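Peer 1: Sequence and computational prediction follow.
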There are 2 protein chains.
Amino acid sequence: MNIQFKKGVLELCVLSILKQKNCYGYELVNDISQNITISEGTIYPLLRRMKSDGYVETYLQESQEGPPRKYYALTAQGEQARAALDVEWSSFVEKVNNIVKGGAVVE
Amino acid sequence: MNIQFKKGVLELCVLSILKQKNCYGYELVNDISQNITISEGTIYPLLRRMKSDGYVETYLQESQEGPPRKYYALTAQGEQARAALDVEWSSFVEKVNNIVKGGAVVE
DNA sequence: ATATAGTACCTTGCATTGCAAGGTAGCAGG
DNA sequence: CCTGCTACCTTGCAATGCAAGGTACTATAT
C-alpha cells in the first residue's frame, strides 16, 4: 500500500468513523486497518492534533480487558471539518480521474 | 486544495500524461494545474526522481519562445509503474470510500 | 511467582513529498 | 534597457506516516 496516498486522508477516515460512534485509539487502528493499514504511531499523534484543533473531545473509561480506554467524540467543529474534508476529497478524486483517464488538458 | 492529498498522486498524474504524449516540465505544470495545482518546485524534483528510477528518458529540443525544452518520454518500465500505481490508486479510493460512506467495519 | 500474550496508551527519529522563494537564461515588445 | 513570459533549476521548510521503542494492565499458562 502506497504510504503517500494516505497523507491527509487518514484524518478524513478518523473523522468519518467518529461521526458514527465514539472510539478509543486502539479501536480506530483496528477498524481502519481492515481497509487501510494504519499504525499506532500514526493514530495517536493524529488524535492529539485533532484534539488541539478542537475537532474531538476525550473521556476515559475503565476496561476489563486492559488499561483504561481513552474515547474520542466528535465536536460540532469536528463535524464541520469532516464535511469540508469530505467535499475536498471527492473533488480531488474527480480531478485526478480527469487527468488519469484520458483528456487531462482542456482545449 | 489540501496539499497532503497530492502526495504520491502527482506521480501518477505525470506518468498518465506522459503515456499520451511526450512533455517538457513547464508544460506538465500547466497541463496538470488545470485540474490540480502543482508548482515547479514539485515537478522538477519529481521528474528527476523518475529519471533516476528509469521511468522516463529525456531529450532537448530548441524553442522559438524561450530556452530549450527538456522533453520527457515514458519508458516501458515507466509504463509498468504507471499501470501499477493506477491500480493501487483505484483500490485506495475504493477503500477510503468504504470507510467514509457508512460501514467501515466488516462484521 | 513468572512468563507470555493481548490490550491500550504513548514518544522519538526518520523518510518522503510538495511548496515557497529564490536563482539563471533566452526571447519579444515597448 | 526594461518588463514579461518562457523554461530550466535548487535550497530550506512543513506536514504526515511509520518503525521501533517504551509503559502498564489483564488473563492464562507454567
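Peer 2: Done, it's in.

Peer 1: Any idea how many residues pack against A:Leu15?
Peer 2: Using other Cβ atoms under 10 Å in any protein chain shown, the number of residues around A:Leu15 comes to 22. Heads up, the C-betas are built off the backbone N, CA and C, glycines and all.

Peer 1: in chain A, what spans have low per-residue confidence?
Peer 2: A:103-107 (pLDDT under 70).

Peer 1: Show me which residues of it sit near chain B.
Peer 2: A:1-5, A:7-9, A:12-13, A:16-17, A:20, A:31-32, A:34-36, A:85-86, A:88-89, A:92-93, A:95-96, A:98-100, A:102, A:104-106 (Cβ under 8 Å from any Cβ of the partner chain).

Peer 1: what about 6 Å?
Peer 2: A:2, A:4-5, A:7-9, A:13, A:16-17, A:31, A:34-36, A:88, A:92-93, A:95-96, A:98-100, A:104-106 (Cβ under 6 Å from any Cβ of the partner chain).

Peer 1: buried subset of those?
Peer 2: Among those, those classed as buried by 16 or more other Cβ atoms under 10 Å in any protein chain shown are A:2, A:5, A:7-9, A:13, A:16-17, A:31, A:35-36, A:92-93, A:95-96, A:98-100, A:104.

Peer 1: Keeping just the C-alphas, turn the strand or helix carrying A:Glu27 into CSV.
Peer 2: Assigned by DSSP states H and E, A:Glu27 falls within helix A:25-33. C-alpha atoms of helix A:25-33 as CSV (Å, rounded to 0.1, in the frame of the first residue of the first chain):
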residue,chain,number,x,y,z
GLY,A,25,-7.5,4.9,19.7
TYR,A,26,-6.6,1.3,19.6
GLU,A,27,-10.1,0.5,18.3
LEU,A,28,-9.7,3.1,15.5
VAL,A,29,-6.4,1.4,14.5
ASN,A,30,-8.2,-1.9,14.1
ASP,A,31,-11.3,-0.6,12.4
ILE,A,32,-9.4,1.5,9.9
SER,A,33,-6.8,-1.2,9.3
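
Peer 1: Contacts (any at all) between DNA strand D and it?
Peer 2: No - if you take Cβ under 7 Å from any atom of the strand as the test, helix A:25-33 misses DNA strand D, and the best it gets is 8.9 Å.

Peer 1: Show me what from chain A comes close to DNA strand D.
Peer 2: Residues of chain A lying near DNA strand D (Cβ under 7 Å from any atom of the strand): A:3, A:6-11, A:37-42, A:45-46, A:49, A:64-67.

Peer 1: could you check whether stretch A:67-77 is close to DNA strand C?
Peer 2: Yes - using Cβ under 7 Å from any atom of the strand, stretch A:67-77 comes into contact with DNA strand C via A:67, A:69-71.

Peer 1: and the residues of chain A next to DNA strand D, which of them are in helices?
Peer 2: A:9-11, A:40-42, A:45-46, A:49 (DSSP state H).

Peer 1: give me the residue from chain A nearest DNA strand D.
Peer 2: A:Gly41 (2.4 Å; Cβ to the nearest atom of the strand).
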